[in-house]
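In: the sequence isn't on hand, but the structure is:
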(Lines give C-alpha, C1' and ligand atoms only; values in the text may rest on other atoms or scores of the structure.)
Protein backbone atom coordinates (compact mmCIF):
# COMPACT_ATOMS: atom_id res chain seq x y z
CA UNK A 1 0.00 0.00 0.00
CA UNK A 2 1.11 3.55 -0.72
CA UNK A 3 1.21 6.08 2.10
CA UNK A 4 1.18 9.79 1.32
CA UNK A 5 2.44 12.16 4.01
CA UNK A 6 0.21 15.02 3.01
CA UNK A 7 -0.36 18.65 3.91
CA UNK A 8 -3.66 19.78 2.35
CA UNK A 9 -2.49 23.40 2.40
CA UNK A 10 0.49 22.57 0.16
CA UNK A 11 -0.04 22.85 -3.60
CA UNK A 12 2.66 20.26 -4.38
CA UNK A 13 1.06 17.85 -1.96
CA UNK A 14 -2.35 18.27 -3.60
CA UNK A 15 -0.71 17.76 -7.01
CA UNK A 16 0.76 14.47 -5.79
CA UNK A 17 -2.67 13.19 -4.75
CA UNK A 18 -4.09 14.21 -8.13
CA UNK A 19 -1.24 12.34 -9.85
CA UNK A 20 -1.99 9.20 -7.85
CA UNK A 21 -5.69 9.55 -8.70
CA UNK A 22 -4.85 9.87 -12.40
CA UNK A 23 -2.84 6.64 -12.16
CA UNK A 24 -5.70 4.89 -10.38
CA UNK A 25 -3.44 4.11 -7.44
CA UNK A 26 -4.84 3.18 -4.06
CA UNK A 27 -3.24 5.02 -1.17
CA UNK A 28 -3.61 6.09 2.42
CA UNK A 29 -3.26 9.73 3.34
CA UNK A 30 -1.37 10.59 6.50
CA UNK A 31 -2.06 14.15 7.67
CA UNK A 32 1.24 14.33 9.52
CA UNK A 33 0.76 18.00 10.42
CA UNK A 34 -2.22 17.11 12.65
CA UNK A 35 -1.55 16.20 16.25
CA UNK A 36 -3.67 13.05 15.88
CA UNK A 37 -1.55 11.78 12.98
CA UNK A 38 1.85 13.26 13.79
CA UNK A 39 4.96 11.17 13.23
CA UNK A 40 7.16 9.74 15.91
CA UNK A 41 10.93 10.05 15.70
CA UNK A 42 11.14 6.32 14.94
CA UNK A 43 8.67 6.67 12.07
CA UNK A 44 10.58 9.59 10.64
CA UNK A 45 13.81 7.60 10.85
CA UNK A 46 12.13 4.79 8.87
CA UNK A 47 10.94 7.28 6.25
CA UNK A 48 14.44 8.76 6.00
CA UNK A 49 15.84 5.25 5.48
CA UNK A 50 13.29 4.62 2.73
CA UNK A 51 14.18 7.98 1.17
CA UNK A 52 17.89 7.19 1.52
CA UNK A 53 18.39 10.68 2.95
CA UNK A 54 19.98 12.32 5.92
CA UNK A 55 17.59 14.34 8.07
CA UNK A 56 18.97 17.68 6.87
CA UNK A 57 18.15 16.75 3.27
CA UNK A 58 14.46 16.57 4.22
CA UNK A 59 14.43 19.95 5.95
CA UNK A 60 12.85 22.92 4.22
CA UNK A 61 15.88 25.11 4.87
CA UNK A 62 14.21 28.19 3.37
CA UNK A 63 11.42 28.00 5.92
CA UNK A 64 11.52 31.06 8.20
CA UNK A 65 11.33 28.88 11.33
CA UNK A 66 14.44 26.95 10.26
CA UNK A 67 16.36 30.13 9.52
CA UNK A 68 15.39 31.77 12.80
CA UNK A 69 15.62 28.84 15.20
CA UNK A 70 17.95 26.20 13.79
CA UNK A 71 20.17 27.31 10.91
CA UNK A 72 22.85 28.78 13.15
CA UNK A 73 23.05 25.66 15.34
CA UNK A 74 25.26 22.63 14.80
CA UNK A 75 22.66 19.89 15.10
CA UNK A 76 23.24 16.17 14.88
CA UNK A 77 20.92 13.79 13.03
CA UNK A 78 18.76 13.08 16.08
CA UNK A 79 18.34 16.79 16.89
CA UNK A 80 17.26 17.56 13.32
CA UNK A 81 14.74 14.72 13.44
CA UNK A 82 13.37 16.02 16.74
CA UNK A 83 13.08 19.52 15.26
CA UNK A 84 11.00 18.13 12.38
CA UNK A 85 8.83 16.16 14.80
CA UNK A 86 8.22 19.26 16.90
CA UNK A 87 7.66 21.43 13.79
CA UNK A 88 6.41 19.18 10.96
CA UNK A 89 6.15 22.12 8.57
CA UNK A 90 9.95 21.92 8.37
CA UNK A 91 9.66 18.67 6.35
CA UNK A 92 9.70 18.65 2.58
CA UNK A 93 6.46 17.34 1.19
CA UNK A 94 4.73 15.36 -0.04
CA UNK A 95 6.46 12.15 0.90
CA UNK A 96 5.27 9.04 -0.91
CA UNK A 97 6.12 5.67 0.66
CA UNK A 98 5.60 2.30 -0.98
CA UNK A 99 7.08 -0.66 0.81
CA UNK A 100 10.72 0.01 1.61
CA UNK A 101 11.03 2.84 -0.93
CA UNK A 102 10.03 6.48 -0.63
CA UNK A 103 10.35 9.71 -2.57
CA UNK A 104 9.65 13.38 -2.05
CA UNK A 105 7.19 13.93 -4.89
CA UNK A 106 8.38 17.32 -6.12
CA UNK A 107 7.37 17.31 -8.92
CA UNK A 108 4.48 14.88 -8.61
CA UNK A 109 5.74 12.56 -11.33
CA UNK A 110 8.90 11.92 -9.27
CA UNK A 111 6.85 9.24 -7.51
CA UNK A 112 6.62 7.21 -10.71
CA UNK A 113 10.05 5.77 -9.89
CA UNK A 114 8.58 3.79 -6.97
CA UNK A 115 5.09 3.10 -8.29
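Out: Everything's here; your move. This is a predicted model, so every value here is computed, not measured. Residues are numbered from 1 along each chain as shown.

In: all contacts plus neighbour counts: C-alpha atoms, from now on.
Out: Noted.

In: what's the longest helix anywhere in the chain in contact with?
Out: In the chain, taking DSSP state H as the definition, the longest helix is helix 11-23. For helix 11-23, contacts defined as C-alpha atoms under 8 Å, 6 or more residues apart in numbering pick out 4, 6-8, 26-27, 93-94, 105-109.

In: stretch 81-101 too?
Out: 1-7, 12-13, 16, 32-33, 38-41, 44-45, 47, 50-51, 55, 58-61, 63, 65-66, 102-106, 111, 114-115.

In: quick one: which of those residues sit in helices?
Out: 12-13, 16, 41, 44-45, 47, 50-51, 55, 58, 65-66.

In: whichever of these end up buried, select them in PyMOL.
Out: Restricted to buried positions by 16 or more other C-alpha atoms under 10 Å, the PyMOL selection for the ones in helices among the contacts of stretch 81-101 reads:
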select buried, resi 12+13+16+41+44+45+47+50+51+55+58+66
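
In: can you lay out the ones in helices among the contacts of stretch 81-101 as JSON lines showing pLDDT?
Out: Output for these, formatted as JSON lines (pLDDT from 0 to 100):
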{"residue": "12", "pLDDT": "96"}
{"residue": "13", "pLDDT": "96"}
{"residue": "16", "pLDDT": "97"}
{"residue": "41", "pLDDT": "97"}
{"residue": "44", "pLDDT": "98"}
{"residue": "45", "pLDDT": "98"}
{"residue": "47", "pLDDT": "98"}
{"residue": "50", "pLDDT": "98"}
{"residue": "51", "pLDDT": "98"}
{"residue": "55", "pLDDT": "98"}
{"residue": "58", "pLDDT": "98"}
{"residue": "65", "pLDDT": "98"}
{"residue": "66", "pLDDT": "98"}
